[in-house]
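Sharing a model that was predicted from the sequence below.
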There are 2 protein chains.
Amino acid sequence: MAHKEIGAYHEDDIRLARFAKALGHPARIAILRQLANMNCCFCGDIVEELPLAQATVSQHLKELKVSGLIQGNIEPPKVRYCIDPENWKKAKEMMSAFFNLNPSAL
Amino acid sequence: MAHKEIGAYHEDDIRLARFAKALGHPARIAILRQLANMNCCFCGDIVEELPLAQATVSQHLKELKVSGLIQGNIEPPKVRYCIDPENWKKAKEMMSAFFNLNPSAL
DNA sequence: ATTGTTCATCGCAAATATACGATGAATAAA
DNA sequence: TTTATTCATCGTATATTTGCGATGAACAAT
């Protein structure tokens, strides 16, 4: 029963987990894939691609924004969404570093 | 009413989302980091490293097993956990391919 | 047989996530 | 002004996740 420091996760583990969590739903993967392929697109374009109501898509977009992986620019009356290059790069690097910590066998 | 058609998503998006979701908690990141560093270790070793009760750690281990990222071998009275090299490699490749779909800017 | 160790599972509570319809805000066009 | 379009947010329902104590299963050592 040893000593557990409460709240004792490493900052990098928390950051990586946040990025991973944002990727943890197929709808959000699909959204990011679309944004990456098309560079940028409007919210409505995304709604058309997914089997979800507009409100639900908007919610997934919000989560992706909070995670930092995307950004949204208002171009009335639409909103243009793009991948956030800086955080995308950061997530990519952290994820890559994590998977390269390696089970000797690879 | 939560799930709509799961078939509406692409199989690869579902698989990647499942891996990502498994990584979506700092405790599970920490567990995987420890397993990767030490190659293999006992459940008890992991419990000592985390600020969580044994039951909770066991639950996180179960999720990681279900995701396929780790495997557990019984060596009475202990259980030795290791990263599953095959699925680890698969997750690594899928994640890498995903992040290399690219926002032109990188 | 009894005891101790290690770990999984059960049962429960609280917190989060997922989804949708309805509504609101902002803007353009008539 | 009125109408239509686009998107966010609110309210609500349900599902899933997270966490812990208690208990159980399997085994080793006495």
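Now that the structure is in, tell me what you want to look at. The shown structure was predicted, so the numbers you read here are calculated from the model rather than taken from an experiment. Numbering: from 1, shown residues only, chains lettered A, B, ... in the order given.

okay, CA-based contacts and neighbour counts for the rest of this
Noted.

Count the neighbours of A:Lys89 for me.
The burial count assigned to A:Lys89 is 18, neighbours taken as other C-alpha atoms under 10 Å in any protein chain shown.

let me redo that: A:Lys21
A total of 23 residues lie near A:Lys21 under the criterion other C-alpha under 10 Å.

any idea how far B:Arg80 is from it?
27 Å (C-alpha to C-alpha, to the nearest Å).

and chain A, which of its residues are near DNA strand C?
A:24-25, A:27, A:51-53, A:55-56, A:60, A:76-77 (C-alpha under 7 Å from any atom of the strand).

just the residues you listed now: which is nearest DNA strand D?
Using C-alpha to the nearest atom of the strand, A:Ala55 comes nearest to DNA strand D of these, at 3.8 Å.

Let's verify that closest one: helix, strand, or coil?
Classification of A:Ala55 by DSSP: H, G, I helix; E, B strand; the rest coil places it in helix.

Report the buried members of the residues of chain A next to DNA strand C.
The neighbour count (16 or more other C-alpha atoms under 10 Å in any protein chain shown) marks A:24-25, A:27, A:51-52, A:60 as buried among these.

Let's see which of the residues you listed end up in helices.
Counted as lying in helices by DSSP state H, out of those, are A:27, A:60.

Adding distance to B:Phe42 as columns, could you present the buried ones among the residues of chain A next to DNA strand C in JSON lines?
Below are those laid out as JSON lines (distance: C-alpha to C-alpha, whole Å):
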{"residue": "A:Gly24", "distance to B:Phe42": "28"}
{"residue": "A:His25", "distance to B:Phe42": "31"}
{"residue": "A:Ala27", "distance to B:Phe42": "36"}
{"residue": "A:Pro51", "distance to B:Phe42": "43"}
{"residue": "A:Leu52", "distance to B:Phe42": "43"}
{"residue": "A:His60", "distance to B:Phe42": "38"}
